[in-house]
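# I'll drop the sequence and a predicted model, then ask my questions.
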Amino acid sequence: MLLKLLLFLFLASVEFSCFAQAKLDLEKLTFKEDPRILVKNHKKSADPTEPLTSLPAYTTYDIAGYHFGPANLTEHCFVSFLLNSIKEKKLVGVIIGFETDAASKAINKYVFAKYGKPVVLEAETQKKDKNKKPYLSGSAYMWKNIKPQITLFLSKTYMVEDGKPVENTDLVLINNNVKPSYETNFKTVLDRVIKTYTP
C-alpha cells in the first residue's frame with residue numbers, strides 16, 4: 001500500500017513538473033485561447049483598465065514558461081493579456097514588456113528580421129538633455145496584419161540606470177477590430193494605439 005502511495009505521489013509530481021515547465025509561445029497566440037487558462041498558476045493582477053489600450057487585462061511578472069519566438073522572457077519582463085470586457089473575458093491582445101537592455105535588443109533584432117520593414121510611427125532620433133548630453137528618443141513601429149486581423153506594434157524607450165541608457169521594449173499584439181472598453185473618439189483600440197504612438 002505504501003509503495004502504491006509513493007508511486008502515485010511521484011507520478012503526480014512529475015506531471016505537475018512537466019505542466020509547470022510547459023512553454024507558451026506568445027507569438028503563436030490565435031486569440032481563441034481562454035486567458036484564464038493562460039495565467040493559471042501564475043501570480044497576476046486583474047486590471048480594469050490597461051493604460052495603452054483602455055482594455056481590462058490580466059498582468060503578470062511571473063513569466064516562467066512564456067516566450068516570444070526564440071526570445072525567452074527574463075525576470076524583468078511582464079505580460080498583459082488584454083480582454084474584450086471584464087464580463088466576457090475574451091482574449092483580444094497581449095502586451096509583452098522587455099525591461100532589460102539585453103532582452104530588449106534581442107527582441108528588436110528578432111522582430112525586425114522576421115517581419116521586415118515596418119510602418120514607422122515615431123522615428124528614433126538623437127536629442128540632448130539640459131546638460132547638452134546626447135540621448136536617444138523613444139520610437140514606435142507597426143506591422144499591420146501579421147496574421148489575419150492582428151497588428152503588431154514595437155515601442156522602444158530608454159531609461160537611465162547608473163548613468164547609462166537602458167533600452168526597454170514593449171510588444172503589442174492587438175485584434176484590429178476590438179472596440180475600446182468605454183466611450184471614446186476612437187472606433188477601435190488599434191486607432192487608439194496608433195494615435196498614442198504617433199507624435
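Noted; the coordinates are in hand. Numbering: from 1, shown residues only.
# Name the residues of stretch 65-82 that are buried.
For stretch 65-82, burial by neighbour count (16 or more other CB atoms under 10 Å) applies to 66-68, 71, 73, 76-82. Yep, even glycine has a C-beta here, placed from its N, CA and C like the rest.
# typo on my end, it should be stretch 130-137
Neighbour-count burial for stretch 130-137, counted by 16+ other CB under 10 Å, picks out no residue.
# Now do the end-to-end distance for it.
14 Å (CA to CA, to the nearest Å).
# Figure out how far it is from the centre of its chain.
29 Å (CA atoms, centre = their mean, to the nearest Å).
# can you list contacts of that stretch?
122, 124-129, 158, 160, 165 (CB atoms under 8 Å, 6 or more residues apart in numbering).
# Can I get these in a markdown table including pLDDT?
Formatted as a markdown table, these follow (pLDDT from 0 to 100):
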| residue | pLDDT |
| --- | --- |
| 122 | 95 |
| 124 | 89 |
| 125 | 86 |
| 126 | 82 |
| 127 | 78 |
| 128 | 75 |
| 129 | 73 |
| 158 | 88 |
| 160 | 78 |
| 165 | 80 |
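# could you point out which element follows the helix or strand of the chain with the lowest mean pLDDT?
Taking mean pLDDT, DSSP states H and E as the measure, the helices and strands of the chain show their lowest mean at helix 2-20, namely a mean of 37. Later in the chain than helix 2-20, the nearest helix or strand by DSSP states H and E is strand 24-25.
# pLDDT of the helix or strand that comes right after that next one, averaged?
Sequence-wise, the next helix or strand downstream of strand 24-25 (DSSP H and E) is helix 35-38. Here helix 35-38 scores 94 as its mean pLDDT.
# Parallel or antiparallel, list what pairs with the helix or strand just after helix 35-38.
Counting by DSSP H and E, the next helix or strand C-terminal to helix 35-38 is strand 45-47. Strand pairing for strand 45-47, using DSSP bridges, gives strand 57-60 (antiparallel).
# residues in contact with the partner strand?
35-36, 38-39, 42-47, 50, 78-83, 95.
# Please, where are all the helices along the protein?
2-20, 35-38, 101-115, 189-197 (DSSP state H).
# in the shortest one, what counts as buried?
By 16+ other CB under 10 Å, the buried positions in helix 35-38 come out as 35, 38.
# List the residues that contact residue 105.
Residue 105 touches residue 167, counting by CB under 8 Å, 6+ apart.
# Could you check how far it is from residue 198?
Residue 105 is 24 Å from residue 198, where distance means CB to CB, to the nearest Å.
# ok, now residue 125?
From residue 125 to residue 198 the distance is 14 Å (CB to CB).
# same check, this time on residue 160
In terms of CB to CB, residue 160 sits 25 Å off from residue 198.
# start to end distance for stretch 65-83?
Note: stretch 65-83 ends 21 Å apart using CA to CA.
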